[in-house]
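Asks: Sharing a sequence plus its predicted fold:
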Amino acid sequence: MSIPRLLARNVDAYGSEPAYREKDLGIWQVWSWSEAAAEIEALALGFLTLGAQPGDTIAILGRNRPALYWAMVAAQRVGAVPVPLYQDSVAEEIAFVLDHCEARFVVAGDQEQVDKLIDVKDDLPVLAHIVYLDPRGLRKYDHTHLTAYATLQDAGRAARDDLMPELVRRTDGLGPDDTCVMLYTSGTTGKPKGVVLSNRNIIETAKNSAEFDRLRRDEEVLAYLPMAWVGDFIFSIGQAMWCGFCVNCPESEDTMMTDLREIGPTYYFAPPRVFESQLTSVMIRMEDAGALKKWLFDRFMALARRVGGPILDGAPVAASDRLAYRLGDLLVYGPLKNTLGFSRVRVGYTAGEAIGPEIFDFYRSLGINLKQLYGQTEASVFITQQRDGEVRSDTVGTPTPGVELRIDESREVFYRSPGVFVRYHKNPESTASTKDGEGWVATGDAGFIEEGTGHLRIIDRAKDVGAMADGSLFAPKFVENKLKFYPDILEAVVFGNGRDRCCAFINIDLTAVGNWAERNNIAYSSYQELSQHPRVLDTIAGHVAAVNDSIAGDEMLSGCRIHRFLVLHKELDADDGELTRTRKVRRRIIEDKFSDLITALYDGSDRVSTVTEVTYEDGRKGAISATLEIRDVIPAPADRMAAQ
Amino acid sequence: MPDQVFFALEVMVNGLMVGVMYALVALGFVLIFKASGIFNYAQGVMALFAALTLVGIQQGQVPFAHLINAIFGTDIHHFGWQVPALLAIVLTVLVMIGLAVLIERIVLKHLVNQEPIILFMATIGLAYFLEGVGDLMWGSDIKVMDVGLPQGISDSIDRATFDWFGYGFFIDRLDIAASIIAALLVAALIVFSQYTREGRALRAVADDHQAALSVGISLRFIWVLVWSIAGFVALVAGIMWGAKSGVQFSLSLIALKALPVLMLGGFTSIPGAIVGGLIIGMGEKLFEFIVGPLVGGATENWFAYVLALLFLVFRPQGLFGEKIIERV
Amino acid sequence: MTRLTTLALGAALAAGPALADLVFPDLSYRTGPYAAGGIPFSDGYQDYFALVNARDGGIGGVPARVVECETAYNTEKGVECYEATKGEGALVYQPLSTGITYQLIPKVQADGIPLHTMGYGRTSAANGEVFSHVFNYPANYWDAASVAISYLSGENGGDLTGKKITLLYHNSAYGKEPIRTLEELAAKHGYELTTIAVDHPGQEQGSQWLRIRRERPDYVIMWGWGVMNQVAIQEAANIRFPMENFIGNWWAGAEHDVTPAGAAANGYKSLNMNRVVDYPVFDDIRTYVVEAGNAAGDGSNVGSVLYTRGMYAAMLAVEAAKTAQEIHGVADIDAGMMRDGMEALEMTAAKMEALGMPGIGPEFSVTCQNHGGSGLGLVQQWDAAAGTWTPLTDFIAPDDAVIDPLIAADSEAFAAENGITPGCAES
Amino acid sequence: MNVARNVAGEVTADGRTLGGTLMDLRNITLRFGGVTAIKDISFDIREGEIRAIIGPNGAGKSSMLNVISGFYNPQEGEVWFRGDRRGPMRPYQVARLGIARTFQNIALFDGMSVLDNIMTGRLTHTRSGLLDQAIWWGKAQREENAHREKVEEIIDFLEIQRIRKTPVGRLPYGLKKRVELARALAAEPKLLLLDEPMAGMNVEEKEDMSRYILDVNDEFGTTVALIEHDMGVVMDLSDRVVVMDYGRKIGDGTPSEVRNNQAVIDAYLGVAHD
Amino acid sequence: MFYREAGDFKTRYADDAQSFPIAFDRYRYYAVMVLALGVVPFIVNDYWANAVLLPFLIWSVAAIGLNILTGYCGQVSLGTGGFMAVGAFACYKLMTAFPGLNIGIVVLLSGGVTAGVGVLFGLPSLRIKGFYLAVATLAAQFFLVWLFNRVPWFYNYSASGQISAPERTVFGVPVTGPNTDAWATYLFCLVFLIGAAWLARNLTRGAVGRSWMAIRDMDIAAEIIGVNPLRAKLTAFMVSSFLVGIAGALFFSVYLGAVEVGEAFGIQKSFLVLFMVIIGGLGSIFGSMAGAAFMVLLPVFLKNLLVGGLGWDTALAAHFELVIVGGLIIFFLIVEPHGLARLWELAKEKLRLWPFPH
């Protein structure tokens, strides 16, 4: 069993049905399964003309486009291993991965990617050839190791008679244990690791998860998440191939939202921050609405909050409420879903981080079947999923069919499933430390299984879960997430491991706060100025206090209440190394970089001056200096202050 | 056949006289177009309205009497006094100025910077509106215009020409009066635009809107001014035409006679309006005289337009219009 | 608000006929270029029905109801008015517009509602065998032309040979009507006819009158309407054309046509189909209608030429209705009965006397063959000083020998074109 | 018959190969009434090159461009295009020969969307007649779709997908310029005339526009003739430069030749210009 | 609010360029068609047909015609009345000269004749622009009306110069003459309106329409990018006159039945159609119909309201009608100079964005 074999099955079964669409030249260009298979075959033959060998690595670098998905399948057909890369990676990052996976070929999207490759090519002796998709601007490049995608396909077609038997042989030789894809995890620390996933991993997982949600052949998905991310691979290749549904690629990043709306996906995945920013923009746009619309909106949203979730879950709801909800659907929810592009969403997922309950409930109350899942690259995504009717914002659901769960005494979550990865590429130590002999894999997350329901609840990264000086549990992520549920707060970093109390850095959300400032006639000239505005600080202090209140009740976590905080003068940025490319906080790096600020948080001072190095968009470095105000939320007891 | 020649001459002279009457109407169009780029279709209705108002004031009519009677069940028509012609004219001028202010306030202010065709349509709307208001105010029956203008054949000219040529020329004294008044009006306009501050401002605006604005001339004031003047010109035209045919709805149709004059003379030229009026007046009368009998007559309505059209084909900017230089 | 919309809608949907009264639509025009003529006629028409209601308690005991509809002399509005009012049980239409008449002729034939075009409209409609529902008694345009020539002939001792007569006409269907007749009569009487057209609206007639001044015709006959009349009379005065030789038709002989020219208009003559003098009936109107506050206008028009004509038209309608009531023996007649009444109408001197308007019109009787009445007309003259029209002659008969063949020819052409078999249906 | 000086195969300073003469202007003189805008100017434009016309204000550059695009017909002189002498022509006839242009003051059709504006560029390639269009289904629609595809490629090329359906009136200046370029490109011209393509742009926009001009020249092999004030841009972009002053030609050559031409330095580079 | 556009994507240019690319608009359009073709004919009565629907349909055709010339090609014309007269008289002559010819073909041929006349009078547009052209087209208006009044051949030498339409049938059902049924005349005119709208839509969506609009928006630039101004303007005059001629033929033969040229096709008609086009929206087919509806229905409505509803006397009502119509025209121009079509677009836009304000 292999992906190419699924392709062949789909060609037989649904030959003329659409398999791929891409918004290009103003319309959605369509390729049926047979057309796509022909394209893939031509490219695979092209790879053969370049001398691709089984076991070679073929890297894919570019934004989501059908041709690049085909390149992955074509790579599989010649027995090579496709390695999709993050397209916004800088040259050094690419160089590392290409070097690590010993890529012989790269299929790049356009001139921009080719330029990056050419920059680093000299350091990559194995890299033999670059194939590019969009010829624009590349005409004058030295073409000795550079070929256009179409040219390569033409070459492949021309050599079809000669090479076809070899291609068929290699494709037929693929088995369930052959590598399907190798995906590099971004990794919160250290260098990325290449996760090797077999055809079995991918196909079994795709099958189980598709059955779980009863995915059908007529689903529409929008492929917009990075191709290097396992989720995209599962959705756009694994499940798409298994179910035979159509993968739609947007025209460009700029037009993503429009394209989303045009396609109206039925099966949709987005990280929480996408939902969050959409909700923020909904609220901001509604601010300007007329009184009538606002009244309608408020009224019906209140109703939806009350009965929307239950209706979606099939719970009993009073007939009058059902009727009112229908009306609301006509007047508010329907149009809202329509403008957001969610009208047709049958199954929606979010994962990767905790999602704010308000945000989660908002979408569900509109009638969008948004659910959470919990997963990892190493698991081929799926570990737990929420079953229809059992959807809650505070759990990540029950194990996906075929997955076993185990929680050890340190609260770390372990799983075992058909999707468990084969190995880390060229990294047996890591493989060993992650996966034990029985196939159990450590997630690195701390969590517990809820009594009665069997739902898994995740508290934090296992290694981040620490202890306060008094021995109570320190779960920074848990608190940070609660803070981040406020639209004003973009990021929060909570400190307190081994200390006697918790303090926090806050990043304001420029869109939300800026909008608020505009509405309240607050003038500001920079992010920095806005971040230190007293009224902004007041607002944030209020949020922090509210979060503290909500934690106070939880015996296990009450020690994590935030005593002091400051609002950072710059946005945490992946370019500065403060976040991962997937926008996860790099706690260690932040602790180092802003040590002066942390000191100030704990030494009781009211304000602190600092100088921070930043990287601008064009790569130049600079420094910004600022004086930040520190606010107390929980006043330190006088005796303790005196004691220090 | 000297008689034929004399008669042709007589037709020509009469045509010129009518041309003056046309020019009077055209003048109102030109003034407004020059200052604001608006093609004021309501000019004809303004003439009607002015004439109605003048007669109404003269005869001491109660404005909106019909409406008031209908609503309150009263039966009022006249105040019962007669207003002397001169005073009535002054009062009418004031009414026309008031109208100009209202038009600026209610209509033009909101349509600044719109395309010409939109402004044109607005003036057609205005024409409807004024026509209705005029009817409501003064009633739609025919009124007699009597401001003491002479009418009928000028005997002295008849006699003199008969003595000289043996052919008595017919000239209407009203036409003579109209010519004199038109000459005075044009002279007054020239004096106004040359020697008064407002007049200079008017010319400045006509030459270059932006430049005029930048030196601090209030466009709104200019608009009120120019609509007032156009209202005054409309009154004069209304008096002249009203004396001929009585004051009634058809008076507003004289606007149609002014349009070919405008085409010929150019929309922005006062001398153009005068000369165009004379050419059209003379041309259509001569055509009716010479060709009319051959084709069944009643050619005047279209001949003026066709004449202007043929002329424009060779000179698209009109007689005195500025030459159009195309640039990219 | 509810009331307004329901009423508006109700009117738009032409609510079902109210059977308790006799409906006489009045397609009037009180705005537009011909309002000056339309207002007094409509006032007279309506006031007479008001009088009949107030004084006599209606027609044969059934009150008459006038439904007024403004057409502004516009044919499309005329059609709209017709469609809007016909559902109310309209008995007879009096559109006072040749244009509208032409629209309505096919429609009334189809709908079976009679049309009375008194002294206007389609002349050949006098042939009732073709135009079963159109009546143009007491006289038509061709009658008028003939009457004018007869009058002039009488002035000249019966001989018009060598006389120059000019027709100044409104360049429209209406204005062109008399040309054929005048041409035929010219052949018969030996006068020389010139025709001069004036285009709508007729504000400027300089060249036409210069031509008249040069050609010095003995008589000018005018077929005008609206502003054309006023300007023509003014221009005639300007060139000192002898007013007594200037004769307008009956639509060019009202007070408002002459007043703008002031004293200069003195002596201008016009035809009339009805005599205008101070009838006793006017006193009744003043008493029962104007003073009661039910007048259509302000009452100032009572006794004027067109007011009188409007009233005359109404009187003919009332008499026809009475006739219909007699024939059919019901008071609440419908349009078909009204038609029969009109076709059987007989106007006698005694009848007119009894109605308080002695000698207002000629005596005539309508038959199936002849819907045009007797065709008699009189000549009246304007006395500028007194501000009144004075009838100069008694009713003069037209030259039927000339007119009848014309009517026959034209109506037959119409019958042929529209597939009508001429004949008098048994009613 | 090509009687123009044929210098195909000549190699420019930056190593690109130039084609033969595309347009040859011989002794052009243009007068408006008494004013002589262009006096006896001759120069040629070769296939595949980027040819700049520079000069101080009032030098007659725009008039020259207008002569090339047929908007003015010169009183004297000959215009040769692709080996044929061009007689007096209406501008639309010139356009059909394969000469497209942009305008100094943006001349987009404000009542239409970006897409429709660019589609007007395809009008010279339209074959279906009034009747086909009236019936629509069939020939006209097929042709329309083919044009649309062509236009979409240009939209893609100039990266204006986002504004495809926006009315041009709502666009900012820089984008309007780009749409105008797109409209000219849609005509697939042999010769593209650009009248101050970068006037009023900021540095970034100028860089973008330069990029596009080079790409057009490179990707489509379109010959470009442009007027530009920004000397830096002109020197970077163009293969050869004509310098005009007071209606006369005072210099002609590669950017470096022109830069060192004393007459040019005196007349143009030496004096301050806007 | 009612728009559900998610999932409504286009995979072909033809779909993207269709008249109603949004599904909801398409369904509404189908609904209107079903209503107009399948329901109205069964319930229409004489009053609605003759007072409201026929004038609306016919004026819509005329307005679409003028809109092509003025709204799409930017050539302001005040000769519409004259061109309608050409259509009417052509129709009359054809009807009487070839009694056996189907009336539908007669109407089309009348349009064809008018198209020829329109091209003739369009020739000056090459030299004359803007208001000069508008006034110049009045020459056509006055000359044509005079011609039809003056030359007896046009009205078959009838005594009065009136022309009246004999009875003609379509599939045995009379559509002209006295014995017509409301539904038949309504359907007959409706078919022409649908045809006119279809023709106009086809011509304005493609190359011809774009060359018109290019001339309208900037004639010099249009010529430089390759639009032949002569061809563009004359085709606009031709198509416009064709439709206006059809409207004139229907106006005469189906609606009025009898016509006197000066009265029925006077200058007021030219203005009326121009009003419709501007109030409705320049450069919009829907706008042409909306404008026609507005100008036809408003007076009828006002009259019914003031006279029927409020019981005013007709003179007062008529005067007020003028005031209100004039006032509304100004009001509309101030509120939305681009006409009802733009208002409709804005409303649609609002509904599409609902519940968001922008």
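Replies: Sure, I can see it.
Asks: Need the per-residue pLDDT for the spatially closest residue to residue E:282 that is not a sequence neighbour.
Replies: Spatial nearest neighbour of residue E:282, excluding adjacent residues (C-beta to C-beta, 6 or more residues apart in numbering or on different chains): residue E:71 at 3.6 Å. All C-beta atoms are positioned from the backbone trio N, CA, C, and that covers glycine. The model reports residue E:71 with a pLDDT of 94.
Asks: from the chain's centre, how far out does whichever strand or helix holds residue C:324 sit?
Replies: Using DSSP states H and E, residue C:324 sits within helix C:305-328. Centre-to-centre, helix C:305-328 and its host chain are 13 Å apart (C-alpha atoms, centre = their mean, to the nearest Å).
Asks: close enough to count as contact, residue D:220 and residue D:187?
Replies: No - at 11.4 Å, residue D:220 does not count as touching residue D:187 under the criterion of C-beta atoms under 8 Å.
Asks: Counting neighbours, go ahead and name the busier of those two.
Replies: Set side by side, residue D:220 and residue D:187 show more neighbours around residue D:187, with 23 against 14, by other C-beta atoms under 10 Å in any protein chain shown.
Asks: what separates the closest residue to chain B within the stretch 151-300 of chain A from chain C, distance-wise?
Replies: Proximity of the stretch 151-300 of chain A to chain B (C-beta to the nearest C-beta) peaks at residue A:290, 22.7 Å away. For residue A:290, the distance to chain C (C-beta to the nearest C-beta, to the nearest Å) stands at 24 Å.
Asks: Of all the residues in stretch D:221-235, which ones are buried?
Replies: D:222-231, D:233-235 (16 or more other C-beta atoms under 10 Å in any protein chain shown).
Asks: which ones among these come in contact with chain B?
Replies: Contacts with chain B within these, counted by C-beta under 8 Å from any C-beta of the partner chain: none were found.
Asks: Quick check: the farthest pair among the residues you listed?
Replies: D:222 and D:231 (23.1 Å; C-beta to C-beta).
Asks: Distance check, whichever residue of the stretch 101-250 of chain E sits closest to chain A against residue A:111.
Replies: At 15.5 Å from chain A, residue E:205 is the closest residue in the stretch 101-250 of chain E, using C-beta to the nearest C-beta. According to C-beta to C-beta, to the nearest Å, residue E:205 and residue A:111 sit 36 Å apart.
Asks: Can you classify the closest residue to chain C within the stretch 1-150 of chain D by secondary structure?
Replies: Relative to chain C, the nearest point of the stretch 1-150 of chain D is residue D:134 (30.4 Å; C-beta to the nearest C-beta). Following DSSP: H, G, I helix; E, B strand; the rest coil, we place residue D:134 in the helix state.
Asks: For burial, what's the neighbour tally of it?
Replies: Residues near residue D:134, counting by other C-beta under 10 Å: 18.
Asks: Contacts only, for it.
Replies: E:199, E:202, E:203 (C-beta atoms under 8 Å, 6 or more residues apart in numbering or on different chains).
Asks: So the residue of the stretch 101-250 of chain E closest to chain A is in contact with residue E:16, correct?
Replies: No - using C-beta under 8 Å, residue E:205 makes no contact with residue E:16, being 11.5 Å away.
Asks: ok, is the helix holding residue C:324 in contact with chain E or not?
Replies: No - counting by C-beta under 8 Å from any C-beta, no contacts exist between helix C:305-328 and chain E, the nearest distance being 14.5 Å.
Asks: Packing partners of that helix?
Replies: strand C:22-28, helix C:35-56, strand C:115-116, helix C:335-343, strand C:346-347 (3 or more C-beta pairs under 8 Å, 6 or more residues apart in numbering or on different chains; DSSP states H and E).
Asks: quick one, which of the ones you listed is nearest to residue E:165?
Replies: strand C:115-116 (18.1 Å).
Asks: What are the contacting residues of that closest one?
Replies: C:92-95, C:101, C:104-105, C:108, C:121, C:133-137, C:313, C:316-317, C:342.
Asks: Can you get me a residue count around the residue in the stretch 201-350 of chain C positioned nearest to chain D?
Replies: Residue of the stretch 201-350 of chain C nearest chain D, by C-beta to the nearest C-beta: residue C:201 (38.4 Å). Neighbours of residue C:201 under the rule other C-beta under 10 Å: 24.
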